[in-house]
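Student: what's the 3D shape of this:
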Amino acid sequence: MKKTSSLRNIANLCVFCGSSEGRNPLYMQAAHTLAIEMANRRINLVYGGGGAGIMGKLSSTLRHLPVSVVGIIPDRIYEMVRHLDHAEDELIVVGTMHERKGAMYERSDAFVALPGGIGTLEELMEALTWLQLGYHEKPVGILNTAGFFDPLIAMLHHMVDEGFLRMNMLESLVVESEPKALLDSLERIDLTIPQKIST
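Tutor: Predicted structure coming up:
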């Protein structure tokens, strides 16, 4: 990972993560620790809305801390979870998943994935793809708690080996196992990435 000479200002962090707790209690602990670290740095949360699982742990931890929480959720999903406790300062209900991601990307300065399912994976890969194609120049990272993302990282290296992904693109993905190190790296990474050219 290349580092910039100056720190990037991250005021709003978009976090992709599971609406379930997962089987390893370390996942919820890491979400709590990340939330505390975000509050210490006055970084606001942008996330998918809802009070369940790792998503709920993030928002509920930040509820009484000096930052804001913005949830962005499609109306169809909102109807499924509206009965749950919500800890957002602002909850935005949109029509589609595409609108949700567009709003999340517009409001955020960086993107991070915590453990989750296929929705988390899809959001992470889209953010990374948009970076590769030059649709944004915002850092993308993974909080690799307990090695959760190790199989994905191995697959990305396999893509490089097979000629489908450039190494400099893979190196632009910030991967850390601790929240403090993750936020430090997001602030410092150099995102000078040549535009993808089809061959």
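Student: quick one: contacts of the helix-or-strand element of the chain with minimal mean pLDDT?
Tutor: In the chain, the helix or strand scored least confidently by mean pLDDT, DSSP states H and E is helix 75-81, which has a mean of 85. With Cβ atoms under 8 Å, 6 or more residues apart in numbering as the test, helix 75-81 has contacts from 19, 49-52, 73, 93-95. In this view, the C-beta of every residue, glycine as well, is placed from N, C-alpha and C.
Student: can you check stretch 148-155 too?
Tutor: Residues contacting stretch 148-155 (Cβ under 8 Å, 6+ apart): 24, 27, 113, 115, 121, 142, 144, 175.
Student: which among those count as buried?
Tutor: 27, 113, 115, 142, 144, 175 (16 or more other Cβ atoms under 10 Å).
Student: per-residue confidence for the spatially most central residue of the chain?
Tutor: In the chain, the C-alpha nearest the mean C-alpha coordinate belongs to residue 112, at 2.2 Å (Cα atoms, centre = their mean). With respect to pLDDT, residue 112 has a value of 98.
Student: show me what the strand or helix carrying it is packed against.
Tutor: Assigned by DSSP states H and E, residue 112 belongs to strand 110-113. If contacts are counted by 3 or more Cβ pairs under 8 Å, 6 or more residues apart in numbering; DSSP states H and E, strand 110-113 sits against strand 12-16, helix 118-133, strand 140-143, helix 179-188.
Student: how about a markdown table for the buried ones among the contacts of stretch 148-155, with distance to residue 12 added?
Tutor: Shown next, in a markdown table, are the buried ones among the contacts of stretch 148-155 (distance: Cβ to Cβ, whole Å):
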| residue | distance to residue 12 |
| --- | --- |
| 27 | 23 |
| 113 | 16 |
| 115 | 22 |
| 142 | 18 |
| 144 | 22 |
| 175 | 21 |
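Student: fine by me, thanks again.
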